[in-house]
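> Sharing a model that was predicted from the sequence below.
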Amino acid sequence: GENVEQHPSTLSVQEGDSAVIKCTYSDSASNYFPWYKQELGKGPQLIIDIRSNVGEKKDQRIAVTLNKTAKHFSLHITETQPEDSAVYFCAASKGGYGQNFVFGPGTRLSVLP
Amino acid sequence: KAGVTQTPRYLIKTRGQQVTLSCSPISGHRSVSWYQQTPGQGLQFLFEYFSETQRNKGNFPGRFSGRQFSNSRSEMNVSTLELGDSALYLCASSPDGQETQYFGPGTRLLVL
């Protein structure tokens, strides 16, 4: 089955710097790759997603890139702010009949003021 | 629209008991998925329901079961609780035909 790896497991950056989190997946049939942000005591919140027919997607300070050949995708956060501190999860899905997301283990991002 | 709601938010049970958790999806969403989140195993898929039918199931023992009602509300049940079942149980709903999942706040279950 699908396996999603995520690196790094923890990341500390200074406020205003950029943060990059990388994920790799194993199943070439996966075609949908969302990123979630989870704050303490809350459920995961979708922040951006990308489909396999797109190489890059941007939403204000957040961008995601996808390399289908290498089977990896990355989350880029620019101009980080303290409120960006949270755990970030990537996921991969093959779509089709029924949902079955496979999540990465998560990255704890700390933005230091 | 109101988001995904889950009840109860916190629950304490003892080994051997059973528990039922409830999830109300976003209005109009008929797909509901359940996940177990633990520090050691991360987010793991339990099952997904659409229009009262289970469409997909993860690798969990038969003690974990679920159902969905005609109004799309879903429940999951865990019987004969074990200490290892202590986790945050998350529910997510999706619009018809879309993969995007919107998560609720979760139910934190502690098994003593």
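Perfect, I can see it now.

> Every contact and neighbour count from this point should use C-alpha atoms.
Will do.

> Give the full set of residues in contact with the closest residue to chain B within chain A.
Distances between chain A and chain B by CA to the nearest CA are smallest at residue A:43, namely 4.2 Å. The neighbourhood of residue A:43, defined by CA atoms under 8 Å, 6 or more residues apart in numbering or on different chains, consists of B:90, B:103-106.

> Repeat that for residue B:104.
Residues counted as contacts of residue B:104 (CA under 8 Å, 6+ apart) are A:42-44, B:3-6, B:90-92.

> Switch those residues over to CSV; also include secondary structure.
Supplementary listing: the contacts of residue B:104 in CSV, determined by DSSP: H, G, I helix; E, B strand; the rest coil:
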residue, secondary structure
A:42, coil
A:43, coil
A:44, coil
B:3, coil
B:4, coil
B:5, strand
B:6, strand
B:90, strand
B:91, strand
B:92, strand
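
> For these, which single residue is the most surrounded?
The member of the contacts of residue B:104 that has the most neighbours, counting by other CA atoms under 10 Å in any protein chain shown, is residue B:91 with 32 neighbours.

> Can you show me the strands along chain A?
Taking DSSP state E as the test, the strands found in chain A are A:4-7, A:10-14, A:19-25, A:32-38, A:45-51, A:56-59, A:62-67, A:72-77, A:86-92, A:102-103, A:107-112.

> Going by neighbour count, which residues in the last one are buried?
By neighbour count with 16 or more other CA atoms under 10 Å in any protein chain shown, strand A:107-112 contains the buried residues A:107-111.

> what's the answer for the third one, then?
Counting neighbours by 16+ other CA under 10 Å, one finds that the buried residues in strand A:19-25 are A:19, A:21-25.

> So residue B:73 is in contact with residue B:27, correct?
No. Taking contacts as CA atoms under 8 Å, residue B:73 lies outside contact range of residue B:27: 9.8 Å.

> Compare neighbour counts for these two and give me the winner.
Just comparing residue B:73 and residue B:27: by other CA under 10 Å the higher neighbour count belongs to residue B:73, 24 against 15.

> For that one, give me the pLDDT.
Residue B:73 carries a pLDDT score of 98 in this model.

> who in chain B is up against chain A?
Those residues of chain B that sit near chain A, judged by CA under 8 Å from any CA of the partner chain, are B:33, B:41-45, B:48-50, B:55-56, B:58, B:90, B:99-106.

> returning to that earlier point: out of the buried residues of strand A:107-112, which one sits closest to residue A:95?
The shortest approach to residue A:95 among the buried residues of strand A:107-112 belongs to residue A:107, at 24.2 Å (CA to CA).

> Without its sequence neighbours, what residue ends up closest to that closest one?
Setting aside the residues directly before and after it, residue A:107 is nearest to residue A:9 in space (CA to CA, 6 or more residues apart in numbering or on different chains), at 4.4 Å.

> In contact with the one you found, which residues?
By CA under 8 Å, 6+ apart, residue A:9 lies in contact with A:105-108.
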